[in-house]
Structures are given as structure tokens and as C-alpha cells.
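[1] I would like the atomic coordinates for the input below:
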Amino acid sequence: MQRIQVIEGNVWGHRKDINEYYSIPLSVIEKIRELKSEGTPAERIEKKISRGSKLNPGMVAYILTTGGFT
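    Numbers count the residues shown, from 1 in each chain. This is a model prediction of the structure:
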């Protein structure tokens, strides 16, 4: 290898399009509330929401348990 420079700083990767945070759209939160109020089981909510959004079922389960949807 030739002409390699060491640069001081926070260089953690080459991708610039990756955000550190992701905001859950309000429409997803409202849909979760609606399904929960209808008495839909958590497993069905996870599957239904993950199909219609960018969220995986594990993230939807986390939102259900920590988002005050009891």
C-alpha cells in the first residue's frame, strides 16, 4: 500500500447516508394505538406494522413495550 494518510478525528465509516437516529412516523404510532385499542394481539401488530413500514418486528415489539401502549 502506498500514499496512505492517517487522519485524526471521528472517522467511523465511509457511508454518509446513515443517520444515527430514526424518527418513528406519527402515522405508525397512530396505527399501533388503533390496533392496540381494538384488542389486536401484540404479535399481529408487530407483523402488520413491520409489513407497512421500515421497522422490523423486533423494533415494533420494543415500541409496544416501552411506548406506553399498555
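
[2] what's near enough to touch residue 67?
    Applying CB atoms under 8 Å, 6 or more residues apart in numbering, we find residue 67 in contact with 29, 32. Every residue, glycine included, has its C-beta placed from N, CA and C.

[3] If you could redo that for residue 37, that was the one I meant.
    Residue 37 makes contact with no residue, according to CB under 8 Å, 6+ apart.

[4] Residue 49 and residue 59 touch, don't they?
    No. Counting by CB atoms under 8 Å, residue 49 stays clear of residue 59, with 9.1 Å between them.

[5] Same question for the helix or strand where residue 31 lies: list its buried residues.
    Applying DSSP states H and E as the criterion places residue 31 in helix 26-37. Across helix 26-37, burial judged by 16 or more other CB atoms under 10 Å covers 28, 31-32, 35-36.

[6] Please apply the same query to stretch 40-56.
    Neighbour-count burial for stretch 40-56 [16+ other CB under 10 Å]: 42, 45-46, 48-50, 53, 55.

[7] Now that we have those, can you turn them into JSON lines and tack on pLDDT, distance to residue 21 and secondary structure?
    Listed next are those as JSON lines, based on pLDDT from 0 to 100; distance: CB to CB, whole Å; DSSP: H, G, I helix; E, B strand; the rest coil:
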{"residue": "42", "pLDDT": "92", "distance to residue 21": "25", "secondary structure": "helix"}
{"residue": "45", "pLDDT": "94", "distance to residue 21": "23", "secondary structure": "helix"}
{"residue": "46", "pLDDT": "93", "distance to residue 21": "22", "secondary structure": "helix"}
{"residue": "48", "pLDDT": "93", "distance to residue 21": "24", "secondary structure": "helix"}
{"residue": "49", "pLDDT": "93", "distance to residue 21": "19", "secondary structure": "helix"}
{"residue": "50", "pLDDT": "92", "distance to residue 21": "19", "secondary structure": "helix"}
{"residue": "53", "pLDDT": "88", "distance to residue 21": "16", "secondary structure": "coil"}
{"residue": "55", "pLDDT": "87", "distance to residue 21": "14", "secondary structure": "coil"}
